[in-house]
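Asks: Quick check, what structure comes out for this input:
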Amino acid sequence: QVQLVESGGGLVQAGGSLRLSCAASVRPFAIYTMGWFRQAPGKEREFVTAVTGSGRGYRSYYTDSVKGRFIISRDNTKNMVYLQLNSLKPEDTAVYYCAAERWGTASVDIGEYDYWGQGTQVTVSS
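Replies: Below you'll find the predicted structure:
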């Protein structure tokens with residue numbers, strides 16, 4: 001059974017940093033595009049960032065609001081994907097979800113992703 005398990009969320013002050021991790025049991029991990037989405041209270045789930053798999057050159061994509069602050073990375077030897085969150089703002093407060101898309105194109109469409117984690121809460125205080 002495929003599992004994506006996020007960790008690393010928490011409460012941080014504005015301007016602070018967090019590192020989220022996602023352990024993925026998808027196989028073979030290297031071919032999957034791995035993405036991060038977030039959902040704030042009362043809002044729809046939105047794309048944050050994704051890194052493509054081996055067939056698409058391990059390219060990273062970011063939504064405009066996090067460019068220059070967030071960094072996605074993956075470790076294919078450990079089946080892990082990470083999200084470094086820097087210079088956090090209160091508007092970054094949300095549940096952050098890890099997602100996997102087989103041979104994916106780093107779509108911003110949640111419907112394109114095959115597997116999802118349960119999410120980890122990130123709360124940024126002002």
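
Asks: is the residue nearest to the spatial centre of the chain in a bridge, and if so with what?
Replies: In the chain, the centroid-proximal residue (CA atoms, centre = their mean) is Trp36; its distance is 2.1 Å. Under the criterion DSSP bridges, Trp36 forms beta bridges with Thr49, Cys98.

Asks: Kindly state the pLDDT recorded for it?
Replies: Note on Trp36: pLDDT of 98.

Asks: now do Val2
Replies: For Val2, the pLDDT comes out at 87.

Asks: chain center to stretch 104-113, what's the gap?
Replies: In this view, stretch 104-113 has its centroid 12 Å away from the chain centroid, taken as CA atoms, centre = their mean, to the nearest Å.

Asks: buried stuff in it?
Replies: For stretch 104-113, burial by neighbour count (16 or more other CB atoms under 10 Å) applies to 104-107, 110, 113. All C-beta atoms are positioned from the backbone trio N, CA, C, and that covers glycine.

Asks: ok, so of these, who is nearest Thr93?
Replies: Using CB to CB, Ile110 comes nearest to Thr93 of the buried residues of stretch 104-113, at 19.3 Å.

Asks: The residue nearest to the centre of the chain touches Ser73, doesn't it?
Replies: No: with contact defined as CB atoms under 8 Å, Trp36 does not reach Ser73; the gap is 11.1 Å.

Asks: joint contacts of these two?
Replies: Val81 (CB atoms under 8 Å, 6 or more residues apart in numbering).

Asks: Direction included, what does the strand or helix carrying Arg19 pair up with?
Replies: Arg19 belongs to strand 18-24 when assigned by DSSP states H and E. Strands adjacent to strand 18-24 in the sheet, as given by DSSP bridges, are strand 4-7 (antiparallel), strand 80-85 (antiparallel).
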